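1. The amino acid sequence is not available; the structure is as follows:
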């Protein structure tokens, strides 16, 4: 006899992890091959070996599939370390973000296309802001507030302005065709300049 | 008798300025109404009261029309003043850019759509970088080098990094749905933080 108190299995729990992975991988592979624009849910389904109906059961649009694929790719590429050394933690985290997402041809093309698509699709825009960026901005803010409490940055430092100054150049380069940061040395120069303006009074 | 030495009138000289303006205005109006994506050359032609053929005579694509419209709109909105006070000049110039372009609904929507489109169209990407951004980045660089010569920023300041730190947050906000800077006070905070990290040693 079934346990009446057991919660009903939510539908998304029933999707097979191997199908989910095949669908997400197919979406990124197709973006890498053709760019985001021409990719269709049909093509993703065909490549993943599932039906179009299966995809639409779990995701409302191609963009939603790509968003989830990027979210998976962002872990652990963009995870935030906490070694106690803010400068090095930023260089490590931003380096992971650049290598694993922004300058990775497969993932980077999908991200650029998705960002473009969010400007036609408010639901997707919310997904980008709340699901992809939100939790990572929260992580960065926590790390910066900890550094502020430790006196490593000035006590009136605005963590959100600091985040903008650190990360905006990475997206500016990607979205406005300015090339990506080449290596850790270039990242260190960026991080050092930003941290210098938030340095505690000596 | 015609002067044999007179240069042949280049074709683009013959286009009527009033048709050109009507076409550019129509492209921005339609982007504001529908977003960039659904706008077609046919619709621009119909709204401007010209034939599709006329548009294709002067521009290769919808994107090229919108690029020229934005380039016109950027003058004088994004012109660079030179009062001798670098901080105030930056606040004035960036304020003009935000008000006249980025946060202007008519122009801002067209710009976002155009940037998205450049990721499918390499020729348009070159136009964006070389025609729209290039000359303005050159202006900013000249102004910053002058300030550096005057000792207002440190002698080893990299003007291109400075430009990135100042302008990337404006585009980051626009393209990643982070809202636009609200007023001159918010701009001053940004400018002050960036200039602080390039301040000459006291």
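-> That came through fine. Note that the coordinates shown come from a computational prediction; the quantities given were computed from them, not determined experimentally.

2. in what helix or strand does the residue nearest to residue A:159 when sequence neighbours are not counted lie?
-> Using Cβ to Cβ, 6 or more residues apart in numbering or on different chains and skipping residues adjacent in sequence, the residue nearest residue A:159 is residue A:144, 4.1 Å away. Quick note: C-beta positions are derived from backbone N, CA and C, even for glycine. Assigned by DSSP states H and E, residue A:144 falls within helix A:134-149.

3. How much space separates the residue nearest to residue A:159 from residue A:158?
-> 9 Å (Cβ to Cβ, to the nearest Å).

4. In terms of neighbours, single out the busier of those two.
-> residue A:144 (24 against 14; other Cβ atoms under 10 Å in any protein chain shown).

5. Hmm, the more buried one is touching residue A:157, no?
-> Yes - distance between residue A:144 and residue A:157: 7.4 Å, which falls inside the contact criterion (Cβ atoms under 8 Å).

6. Count the neighbours of residue A:99 for me.
-> The burial count for residue A:99: 15, using other Cβ under 10 Å.

7. ok, the closest residue to it other than its chain neighbours - contacts?
-> Leaving aside its chain neighbours, residue A:99 sits nearest to residue A:77 (7.3 Å; criterion: Cβ to Cβ, 6+ apart). By Cβ atoms under 8 Å, 6 or more residues apart in numbering or on different chains, the contact set of residue A:77 is A:96-97, A:99-101.

8. What's the ChimeraX syntax to select whichever of those are buried?
-> A single ChimeraX command suffices to select whichever of the contacts of residue A:77 are buried according to 16 or more other Cβ atoms under 10 Å in any protein chain shown:
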select /A:96,97,100,101
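
9. Show only the entries of the contacts of residue A:77 found in helices.
-> Among the contacts of residue A:77, the ones falling in helices (DSSP state H) are A:96-97.

10. Closest to residue A:26 out of the contacts of residue A:77?
-> residue A:101 (18.4 Å; Cβ to Cβ).

11. mind checking the end-to-end distance for stretch A:170-185?
-> Criterion Cα to Cα, to the nearest Å; first-to-last residue distance in stretch A:170-185 is 14 Å.

12. Please work out the average pLDDT along that stretch.
-> Averaged over stretch A:170-185, pLDDT sits at 86.

13. and chain A, which of its residues are near chain B?
-> A:35-37, A:109, A:112-113, A:115-120, A:125, A:128-129, A:133, A:158, A:161, A:164-165, A:167-169, A:171-173, A:175-178, A:189-190, A:193-194, A:196-198 (Cβ under 8 Å from any Cβ of the partner chain).

14. rewinding a little: next up, phi/psi of the residue nearest to residue A:99, please.
-> phi -50, psi -40 (degrees, to the nearest 10).

15. Could you pull up the residues touching the residue of chain A found nearest chain B?
-> Shortest chain A-to-chain B distance, computed as Cβ to the nearest Cβ: residue-wise this is residue A:116, at 3.1 Å. By Cβ under 8 Å, 6+ apart, the contact set of residue A:116 is A:36, B:115-117, B:119.

16. can we see that at 7 Å?
-> B:116, B:119 (Cβ atoms under 7 Å, 6 or more residues apart in numbering or on different chains).

17. buried set for the lowest-mean-pLDDT helix or strand in chain A?
-> In chain A, no helix or strand scores lower on mean pLDDT, DSSP states H and E than helix A:105-118, which sits at a mean of 88. Across helix A:105-118, burial judged by 16+ other Cβ under 10 Å covers A:106-118.

18. and the gap between residue A:196 and residue A:152?
-> On the measure of Cβ to Cβ, residue A:196 and residue A:152 end up 13 Å apart.

19. quick one: which of these two has more around it?
-> Remark: of residue A:196 and residue A:152, residue A:152 carries more neighbours, 18 against 13, as counted by other Cβ under 10 Å.

20. Run the chain-centre distance for stretch A:52-61.
-> 22 Å (Cα atoms, centre = their mean, to the nearest Å).

21. isn't residue A:190 right next to residue A:167, touching?
-> No - at 9.9 Å, residue A:190 does not count as touching residue A:167 under the criterion of Cβ atoms under 7 Å.

22. So which of these two has more stuff around it?
-> Shown here are residue A:190 and residue A:167; by other Cβ under 10 Å, residue A:167 has more neighbours (24 against 21).

23. Which element, helix or strand, includes that one?
-> Per DSSP H and E: helix A:159-175 holds residue A:167.

24. Of all the residues in that helix, which ones are buried?
-> Neighbour-count burial for helix A:159-175 [16+ other Cβ under 10 Å]: A:159, A:161-175.
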